[in-house]
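Novice: how would this look folded up:
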Amino acid sequence: MTPANPRILTINGGSSSIKFALFEAGASLQRVLAGGIERIGLPDATFQVKSSNEADSFSRSVTAPDHTAAVDALMDWIQQRSGHDALTAVGHRVVHGGPKYSEPQLITAEMVEELRRLSPFDPEHLPEEILLTEAFHRRFPSLPQVACFDTAFHHDLPRVARMLAIPRRYEALGVRRYGFHGLSYAFLMGELARLSGPDAAQGRIILAHLGNGASLAAVHGGKPIDTSMGFTPAAGVPMSTRSGDLDPGLLWYLARTEGLDAKQFNDMVNFQSGLLGVSETSSDMRDLLGRETQDVRAAEAVALFCYQVRKCIGAFAAALGGLDTLVFAGGIGENAPVVRARICDGLGFLGVALDDERNTANGGVISTDAGRVTVRVMRTDEELMIARMVCGVLGLGGNNGN
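Specialist: Residues are numbered from 1 along each chain as shown. From the prediction side, this is the model:
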C-alpha cells in the first residue's frame, strides 16, 4: 500500500558505512526514522535504526562484506517493513560532482557513466556511491533517484579562489579547488537566514564544519567566496585522520627516503594523519581531551587542530574584509565547548568574544551581547538538506519545511 504522503529515503554512503533517514513529505518534511549500517567489510557489521516509534528501533548484527550486500540488507528491511511501494524517491549524497554538476538532479544512465569517469577525482567515495545507486535501480527500477552533490555549494567560487597555482593545462582537465561539506553549508545558510533574518545571511560569514572531516567556508552576500578543502577533502585544516595542508615536496622526500609510492602517501595523508597521526592514540577529539593532561601527544594534537582552525578563520576574515557571524557545526563544533573556546581565544581583534556560560551550555548564540561578531552553534542536518533537494527536483511538497 502506497503511503498517503511521499516518502523519501536519504542515503549517505561512507567508506565503511551507509547512513540513511526516511522522511515523509507533507506540509513539511518529517523524519520518520534514521539509522545506519556500520563497519561494512568487517565480520562485526551492525544495522541500527532509531525511530520515533520505539517498536521500530533496533540494533543487530548483519552480514555486510561490501556495500552491495549492505544496501541489499537495507532494501530487504524496507520491503519487509513497508512493502515494495514504500518509497517515492531516494536521495543520495554524492561527494564529488566534478566541474559539471552544480545542482541536484535525477540520476540517469548517462550521469552514472559520467560519475565513473569522475572516479579518479574521488576514488575513496565515488565507486561506492555508484554501486549504491545501481543496487537501488536493480531492486526498484522505476524509483526516482536524485544525486545531491557535496561540491555544488562551492561550484561558483570566485576564479581567484578556485584556481591552483600549477600549470594552466591541468585546469582544462578539471583540476581546481572544489570544496566539500556543501550540503552542510547549504543547510547552515538556510538556518542562519531563518534564525537571524535575511540581512544576517547576506553578511560576512565564516562557517566551520568541524567533525571527523573538518573544513571552513567564507560566505558573503549569500555566496561562498572561499573554502579550506581543495581538489580533495584532504586539504585544509587537520582532521581526525586527514593531514590537511602539507608541503607538496613531502611526497618526493618520503619517496626518496622511505620508498613511499603515491598510493601509500595517499593512504598516509587520508587515514593515518591528523589527530590520529599526531596523538598516536586516537582520531576522536573526545578521547584526546580526556588524555591531554597526561599525554603530551594528545595535548599537541588538540592544540594543532585549534591553532590551524583559528588561523583559517583569520585568513578568511581577511578575504571577507571583516566578520559578522561565525558558525560552529559538526560533531566537534556542536559538542566541544573547550575546543570552541581555544579556537576563539586570540580572535578578539576581529570582534570575537565568547560568553563562557553560554559556550559551556552549548547555547545557540555563544558570543557576548557586546561582541561585534555573533558566534553561533548550529546543529547541521545533511539528511534533511538532501530530502529538501529531492522535493525540489521532483516537485514534491515539503522542500521548504523542517
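Novice: where do the strands sit along the chain?
Specialist: 7-13, 18-25, 29-38, 46-51, 58-61, 89-94, 105-106, 145-149, 204-210, 214-220, 223-227, 325-329, 374-377 (DSSP state E).
Novice: give me the contacts around the shortest one.
Specialist: By Cβ atoms under 8 Å, 6 or more residues apart in numbering, the surrounding residues in contact with strand 105-106 are 111, 144-147, 393. In short, each C-beta sits where N, CA and C put it, glycine included.
Novice: quick check, nearest of the residues you listed to V95?
Specialist: A147 (10.5 Å; Cβ to Cβ).
Novice: how about the contacts made by the closest one?
Specialist: A147 neighbours (Cβ under 8 Å, 6+ apart): 92, 94, 97, 101, 104-107, 111, 115, 133.
Novice: please tabulate these in CSV, including the columns neighbour count, pLDDT and distance to P127.
Specialist: Listed next are the contacts of A147 as CSV, based on neighbours: other Cβ atoms under 10 Å; pLDDT from 0 to 100; distance: Cβ to Cβ, whole Å:
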residue, neighbour count, pLDDT, distance to P127
H92, 23, 97, 13
V94, 31, 96, 12
G97, 27, 94, 15
Y101, 20, 95, 17
P104, 22, 97, 21
Q105, 16, 96, 20
L106, 13, 98, 21
I107, 21, 97, 15
M111, 18, 96, 15
L115, 24, 95, 9
T133, 22, 94, 11
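Novice: kindly reformat those as TSV containing distance to V365.
Specialist: Below are the contacts of A147 laid out as TSV (distance: Cβ to Cβ, whole Å):
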residue	distance to V365
H92	34
V94	33
G97	34
Y101	35
P104	31
Q105	36
L106	39
I107	39
M111	41
L115	40
T133	40
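Novice: and M285, which of the strands of the chain is closest to it?
Specialist: Across these, closest to M285 is strand 204-210 (Cβ to Cβ), at 8.6 Å.
Novice: how big is the angle separating the closest one from strand 325-329?
Specialist: 10 degrees (axes from the mean of the first three to the mean of the last three Cα atoms, to 10 degrees).
Novice: give me the sheet partners of strand 204-210 and which way each runs.
Specialist: strand 214-220 (antiparallel), strand 325-329 (parallel) (DSSP bridges).
Novice: would you enumerate the residues in contact with the closest residue to S279 other than its chain neighbours?
Specialist: Ranked by Cβ to Cβ, 6 or more residues apart in numbering and with sequence neighbours excluded, the top spatial neighbour of S279 is A301, at 4.0 Å. For A301, the contacting residues are 275, 278-279, 288, by Cβ under 8 Å, 6+ apart.
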